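Q: Make a model of this:
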Amino acid sequence: MRRNVRHGLSFFLVFLDGLLRIGRQMETRFRQDSEEMAKGDRTNMPIPAHLTNYGQVMYEEGLEKGLQEGLEKGLQEGLEKGLQKSQQEIARKMLQKGLDIALIAEVTGLTAEEVQKLQH
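A: Predicted coordinates:
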């Protein structure tokens, strides 16, 4: 039994290391994409004719701020969903190895109920 637990934890650590590498790659790619979008040509974005020069500047700053906030929120949500899917995948593999639900919940951060749902 101890050997199985050691083997399962070893498998988990290798998997987690790979997951962290993928997460860093995704974050780097997202940042590169968002920088490209931020440098993009804004001449196609319509500015209402009634705005003054000051209003145009504020309007453009608002657009840029909104874009940046949206990108950051999207990145955070994407990383959270990716982490949750990874935790579930790890739990499934641990279940296939016959590990105890309580141990799986402790290692993955999922609740025992979430792990039980993955059995079906």
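Q: The longest helix along the chain packs against which elements?
A: Taking DSSP state H as the criterion, the chain has its longest helix at helix 53-96. Where contact means 3 or more C-beta pairs under 8 Å, 6 or more residues apart in numbering; DSSP states H and E, helix 53-96 is packed against helix 2-39, helix 101-108, helix 112-118. (Each C-beta comes from the backbone N, C-alpha and C, glycine too.)
Q: Could you figure out how far it is turned away from helix 101-108?
A: Using axes from the mean of the first three to the mean of the last three C-alpha atoms, to 10 degrees, one finds that helix 53-96 and helix 101-108 are set 150 degrees apart in direction.
Q: just for this protein, where's the confidence low?
A: Across the chain, the ranges flagged by pLDDT under 70 are 1-9, 12, 16, 19, 23, 30, 33-59.
Q: repeat that for 90
A: For the chain, the stretches flagged by pLDDT under 90 are 1-87, 89-90, 107-108, 119-120.
Q: Okay, buried residues for stretch 67-86 please.
A: Residues of stretch 67-86 classed as buried: 71, 75, 86 (neighbour count, 16 or more other C-beta atoms under 10 Å).
Q: ok, residue 114 to residue 32 distance?
A: Per C-beta to C-beta, to the nearest Å, residue 114 is found 34 Å from residue 32.
Q: neighbour-wise, which of those two wins?
A: With neighbours defined as other C-beta atoms under 10 Å, residue 114 and residue 32 compare such that residue 114 has more, 17 against 10.
Q: Check the spacing between residue 84 and residue 64 real quick.
A: Counting by C-beta to C-beta, the separation of residue 84 from residue 64 is 31 Å.
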